[in-house]
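Engineer: Take this sequence and fold it.
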Amino acid sequence: MRLWSKSATTLVLLGLLIDPTSAGAGNLHKKSSTSIVKVLSDHPGAATALTPRQKFEIREILAKGKGIKEFVCTGTSLAGQRESMYRVVLLRAQLVCEYAKSLDPSIKTTVKERVIKARKLNGRVEVVSN
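Structural biologist: Below is the predicted model of the structure:
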């Protein structure tokens, strides 16, 4: 048993010398801030304007994430829809980012679109802040 524990210890130390990231050394380069990911409440019907509830949710995200540098707004829609629906969803995402930028002009905003399979997320805007 004693011989095995010396061999195991030697192998572990050798492994750390070869690949120090396995011991957690890679954690030194990770960001200290956390991302906030939120799907905003649904738009009523085919509306594109932000509702008071959505504006509140955006303000809440900005308040929680002090020091946010980036705000990504992704419009989500199901595959196979009319082209006009894709444009509406992209416009919704753009309006969300514009509102966030109006509240904090120092953040960088990005607008994206993504095709999804979950019906409950169709036409909604997902926000990721870093």
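Engineer: drop to CA atoms for contacts and neighbour counts, all remaining ones
Structural biologist: Will do.
Engineer: what's the lengthiest helix in the chain in contact with?
Structural biologist: The residue-count maximum for a helix in the chain (DSSP state H) belongs to helix 83-103. Residues outside helix 83-103 that contact it (Cα atoms under 8 Å, 6 or more residues apart in numbering): 46, 48-50, 55, 58-59, 62, 71-77, 107-113, 123-125.
Engineer: Narrow the residues you listed to just the buried residues.
Structural biologist: Buried members of these, counted by 16 or more other Cα atoms under 10 Å: 48, 50, 55, 58, 62, 71-77, 107-111, 113, 123-125.
Engineer: quick one on the thing from earlier: restricted to helices, list the contacts of helix 83-103.
Structural biologist: 55, 58-59, 62.
Engineer: Low-confidence stretches in this protein?
Structural biologist: Low-confidence segments of the chain, defined by pLDDT under 70: 1-33.
Engineer: where along it do the strands fall?
Structural biologist: Assigned by DSSP state E, the chain shows strands spanning 36-39, 70-78, 108-116, 125-129.
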